[in-house]
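Trainee: Pasting a predicted model and its sequence here:
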Amino acid sequence: MSHGYGACHKLRKREESTDTLLRDRFLVKSVAKFCKSLKDFGERSMPLFKDQVRYEMKQFVAAAFVSNEEIKNEDIGIIQEADRRLTNALATKNVSDIYENYSLSFNRLVVLMNTSEPKRHGEARLLDPSGVIRHTILTPPFNSSCIDEEDMNFLQILTEHFVRKFEHDRFIVCMFSHFIPCTESKHQCARLVDEFAKLNNEVIISSENVYYETDHETAWKVMKSNDRIYCLPPKELCPNSNQSTPLYDVDEPLSPRMLRRENRARVQSNPYQRPEKKKKKGFSRQKSYDLRT
């Protein structure tokens with residue numbers, strides 16, 4: 001099995017190339033329909049991980065390799081087909097044909113959890129199976145022990161399923177991540193997505209939350225600066241959402257004070273749901289007074 005960076009592009013593209021920028025190619029509602037469907041699908045799949053994952057489940061990446069036509073026509077058949085298999089798995093508790101190593105695979109669609117041994121984020125598992133991108137972008141240098149030679153090469157597998165159906169490899173990687181791709185020094189998922197899109201296929205990315213160690217302004221800026229990446233902000237993903245999980249509009253980042261208020265309001269609305277982990281800070285009587293005002 002090939003793990004080389006860009007190996008999926010040995011097959012040349014048969015479609016005519018387009019000069020239209022990715023962000024100008026589709027209606028926002030068409031992109032949002034795909035991303036929202038991936039979000040819902042990923043969340044529905046979480047119960048299947050409960051007996052397999054030994055840590056608190058929040059972060060996941062749900063991704064599909066799709067064609068321009070599928071997005072333009074809002075054809076989510078790929079997700080609907082996977083959802084039928086998911087429904088059966090949830091009913092029978094039989095995941096033998098879809099589950100392997102913190103992942104659920106459905107031909108051109110995959111749901112990925114982070115792995116703890118070795119430590120890898122879902123974006124890296126999908127887009128950088130060989131670690132070549134991480135070797136390039138990470139400081140300090142990438143630790144090759146983070147490569148799991150036994151893990152499935154999702155990039156190659158999903159590419160092969162796409163080529164088998166469309167007879168070309170001009171797919172778009174459409175991704176939903178619960179947390180925006182991170183800026184953590186040991187992972188740098190936002191930069192990884194950026195580098196992948198520069199050298200490989202176009203990417204559509206959406207998310208709904210921010211991990212406390214991620215600089216979401218930097219992450220969003222890195223990805224939005226790339227014309228080969230379509231960044232769908234949370235306000236477009238769920239414009240009428242009333243859910244308790246805060247949707248951080250990374251085009252207009254919330255201040256630390258507002259983030260604290262969002263978390264406090266969420267705990268008050270659901271006392272059994274823990275807020276996102278925050279770094280501990282020393283007690284300040286003045287700050288305590290500010291939070292009450």
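Mentor: Thanks, I have it.

Trainee: ok, which stretches of the stretch 51-200 of the chain are strands?
Mentor: Ranges of strands within the stretch 51-200 of the chain are 61-66, 103-106, 109-112, 115-116, 119-120, 172-179, based on DSSP state E, counting those that start in this stretch.

Trainee: quick one: contacts of the third one?
Mentor: Which is strand 109-112. 38, 41-42, 45, 60-65, 78-79, 82, 102-104, 122, 125-126, 154, 158 (Cβ atoms under 8 Å, 6 or more residues apart in numbering). Every residue, glycine included, has its C-beta placed from N, CA and C.

Trainee: Format the CA atom coordinates belonging to that strand as PDB.
Mentor: Only the C-alpha atoms of strand 109-112 are listed here, as PDB (Å, rounded to 0.1, in the frame of the first residue of the first chain):
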ATOM      1  CA  LEU A 109     -17.000   8.700   3.600                       C
ATOM      2  CA  VAL A 110     -15.200   8.200   6.900                       C
ATOM      3  CA  VAL A 111     -15.600   9.300  10.600                       C
ATOM      4  CA  LEU A 112     -12.300   9.600  12.400                       C
END
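
Trainee: neighbouring strands for it, and are they parallel or not?
Mentor: strand 61-66 (antiparallel), strand 103-106 (antiparallel) (DSSP bridges).

Trainee: With the last one instead?
Mentor: Each strand that pairs with strand 172-179, with its direction, by DSSP bridges: strand 61-66 (antiparallel), strand 203-209 (parallel).

Trainee: most neighbours per residue, which of the ones you listed?
Mentor: strand 61-66 (a mean of 27; mean count of other Cβ atoms under 10 Å).

Trainee: Where does pLDDT dip in this protein?
Mentor: 1-19, 54-56, 239-293 (pLDDT under 70).

Trainee: remind me, longest helix of it?
Mentor: What stands out as the longest helix in the chain, according to DSSP state H, is helix 28-45.

Trainee: mind listing what's buried in it?
Mentor: Applying a neighbour-count criterion of 16 or more other Cβ atoms under 10 Å, one finds 30-39, 41-42, 45 buried in helix 28-45.

Trainee: Not counting that helix itself, show me its contacts.
Mentor: 60-64, 66, 70-74, 76, 79, 82-83, 86, 90, 104, 109, 111, 174-176, 178, 204, 206, 208, 230, 232, 236-238.

Trainee: Could you tell me the angle between it and strand 172-179?
Mentor: 60 degrees (axes from the mean of the first three to the mean of the last three Cα atoms, to 10 degrees).

Trainee: Tell me the gap between helix 28-45 and the middle of its chain.
Mentor: Helix 28-45 has its C-alpha centroid displaced from the chain centroid by 11 Å (Cα atoms, centre = their mean, to the nearest Å).

Trainee: same question, stretch 155-170
Mentor: Using Cα atoms, centre = their mean, the offset of stretch 155-170 from its chain centre is 20 Å.

Trainee: Thanks a lot, see you next time.
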